[in-house]
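> next comes the sequence, and after it the predicted model I'd like to discuss.
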Amino acid sequence: MTASTVATVQELAARFADGERNLTLYFPDFDTAPAPDSLNRVFGPPVGLTDEQWPRFPELAELLQQANSMNLWDPRDHRMEHVFTVDLRGVELVGVPHDAVAMMLFISNASFHRASCDGNPHTTVRFLREHDLRQGPYQGPLPQRSRYRWSRRFSLVAIDVPGDVFDVPELELAADDPLVALYEAIARAPARLGGCPIGAPETAPEPEPWAESTPTVPHVNESSRTIPFARHAHRGIEAADRLEAADRLLEHGRTLVYDDGDPASALTFVGGGAPLPSRHGAAAAPHTPFLMQFQRGFADVNLGQRGVMYVSGRSAYVPSL
């Protein structure tokens with residue numbers, strides 16, 4: 001599947017002249033074996049980490065209790081799940097540290113989490129340097145809930161495209177315009193590094209029933225205030241009321257915390273400034289550039305109703321707007 005998606009993007013991009021193709025995107029390909037020394041992997045053991053360096057989520061017990069997954073709880077293990085490692089050697093990506101050789105994403109719990117905004121505490125992005133690779137692949141046991149995840153490796157395919165392709169939503173183009181076809185093909189890719197965020201395509205499958213467990217909330221600024229998160233109508237305030245309250249907080253530039261009394265569902269979103277509106281369905285905080293996005297075809301993570309997760313230089317999140 002991924003090979004055909006990559007081939008489609010390659011074929012459509014080739015219709016444009018070399019001078020027009022001024023932006024390099026990178027697409028994972030599971031059908032082509034990676035080089036033996038490649039670090040590219042979804043799930044499975046991370047590379048370059050010791051037990052002490054592994055990111056942890058202190059409220060894991062509360063989160064698993066909410067997810068009815070206490071059978072996976074180990075009181076001695078608060079480690080996040082390793083979602084993927086991307087080998088950055090040979091990759092030119094704006095927003096990546098100049099000496100980084102790999103990027104790793106960790107999440108509190110892939111099946112049930114509260115990663116709803118950039119900067120959330122449920123996800124951690126780590127960059128590896130060359131000296132980290134001496135640690136090699138992690139040799140210890142993975143977190144219990146990660147042991148059944150489908151671990152697989154992939155190649156990374158670089159494709160040069162016109163940077164204008166990400167302006168398609170704002171352009172009045174005919175449906176058969178080559179730029180429209182390229183945009184739609186890029187949107188269908190299970191994952192992509194580079195470019196701008198794109199919402200999940202309209203042809204995406206219906207969300208799973210558990211997708212309702214990942215709330216959608218607005219992105220806000222620094223400071224703090226707590227508003228109850230109404231996971232059920234009888235708890236806290238109604239969704240419309242909390243969104244209205246969120247709008248009021250946005251006007252005053254405050255951070256919003258949703259709290260239903262459970263530490264696992266308390267959402268504290270701290271931004272580095274006013275959110276940047278995006279025509280592509282995301283609100284990205286300044287100084288945390290978009291790096292990549294993925295769908296469940298890439299990694300089996302709860303992606304809520306939107307069906308896509310955006311990765312920045314500090315976290316990953318399911319877009320809410």
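Received, thanks. Residues are numbered from 1 along each chain as shown.

> and Ala158, how many neighbours?
13 (other Cβ atoms under 10 Å). In this view, the C-beta of every residue, glycine as well, is placed from N, C-alpha and C.

> any idea of the pLDDT on it?
Ala158 carries a pLDDT score of 98 in this model.

> can you name every helix or strand that the helix or strand harbouring it contacts?
Per DSSP states H and E, Ala158 falls inside strand 155-161. Here strand 155-161 touches helix 2-13, strand 23-29, going by 3 or more Cβ pairs under 8 Å, 6 or more residues apart in numbering; DSSP states H and E.

> would you format these as TSV with mean pLDDT, distance to Gly313 and mean neighbour count included?
TSV is the format used below for these (pLDDT from 0 to 100; distance: least, Cβ to Cβ, whole Å; neighbours: other Cβ atoms under 10 Å):
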stretch	mean pLDDT	distance to Gly313	mean neighbour count
helix 2-13	92	24	18
strand 23-29	97	16	22
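
> mind putting these into CSV with distance to Ala174?
Output for the helices and strands packed on strand 155-161, formatted as CSV (distance: least, Cβ to Cβ, whole Å):
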stretch, distance to Ala174
helix 2-13, 15
strand 23-29, 22
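
> show me where pLDDT drops low in the protein?
1, 200-287, 321 (pLDDT under 70).

> 80 instead?
Where the chain drops to pLDDT under 80, the residues are 1-3, 200-287, 320-321.

> mind listing the helices for it?
For the chain, the helices defined by DSSP state H cover 2-13, 60-66, 178-188, 239-251.

> residues in contact with Met103?
By Cβ atoms under 8 Å, 6 or more residues apart in numbering, the contact list for Met103 reads 85-86, 88, 96, 125-128, 291.

> which of the residues you listed sit farthest apart?
Spanning the widest gap among the contacts of Met103 are Leu128 and Leu291, at 14.5 Å by Cβ to Cβ.

> gap between the residue nearest to Pro141 when sequence neighbours are not counted and His78?
Among residues not flanking Pro141 along the chain, Arg147 sits closest, at 7.7 Å (Cβ to Cβ, 6 or more residues apart in numbering). Arg147 sits 16 Å away from His78, taking Cβ to Cβ, to the nearest Å as the criterion.

> looking at the two, which is more packed in?
Neighbour tally, Arg147 and His78, criterion other Cβ under 10 Å: the higher count belongs to His78, 17 against 11.

> from what I can see that one touches Glu62, true?
No - using Cβ atoms under 8 Å, His78 makes no contact with Glu62, being 11.2 Å away.

> gap between Ser4 and Leu60?
38 Å.

> same thing with His78?
Note on His78: its distance to Leu60, by Cβ to Cβ, is 5 Å.

> and for Asp31?
As judged by Cβ to Cβ, Asp31 and Leu60 stand 35 Å apart.

> just the buried members of the contacts of Met103?
In the contacts of Met103, burial by neighbour count holds for 85-86, 88, 96, 125-128, 291, counting by 16 or more other Cβ atoms under 10 Å.

> for these, which one is nearest Val311?
Leu291 (5.1 Å).

> quick one: the closest one and Val311 touch, right?
Yes - counting by Cβ under 8 Å, Leu291 does reach Val311; the two are 5.1 Å apart.

> contacting residues for the nearest residue to Asp160 once chain neighbours are set aside?
The shortest distance from Asp160 to any non-neighbouring residue, by Cβ to Cβ, 6+ apart, is to Arg21 (3.9 Å). Neighbouring residues of Arg21 by Cβ under 8 Å, 6+ apart: 13, 160-162.

> switch the residues you listed over to CSV; also include distance to Ala185.
As requested, the contacts of Arg21 are exported to CSV (distance: Cβ to Cβ, whole Å):
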residue, distance to Ala185
Ala13, 9
Asp160, 14
Val161, 10
Pro162, 13
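
> select from those the one having the most neighbours.
Top of the contacts of Arg21 by neighbour number is Val161, holding 26 neighbours under the definition other Cβ under 10 Å.

> how much space between it and Gly297?
Distance, Val161 to Gly297, by Cβ to Cβ: 20 Å.
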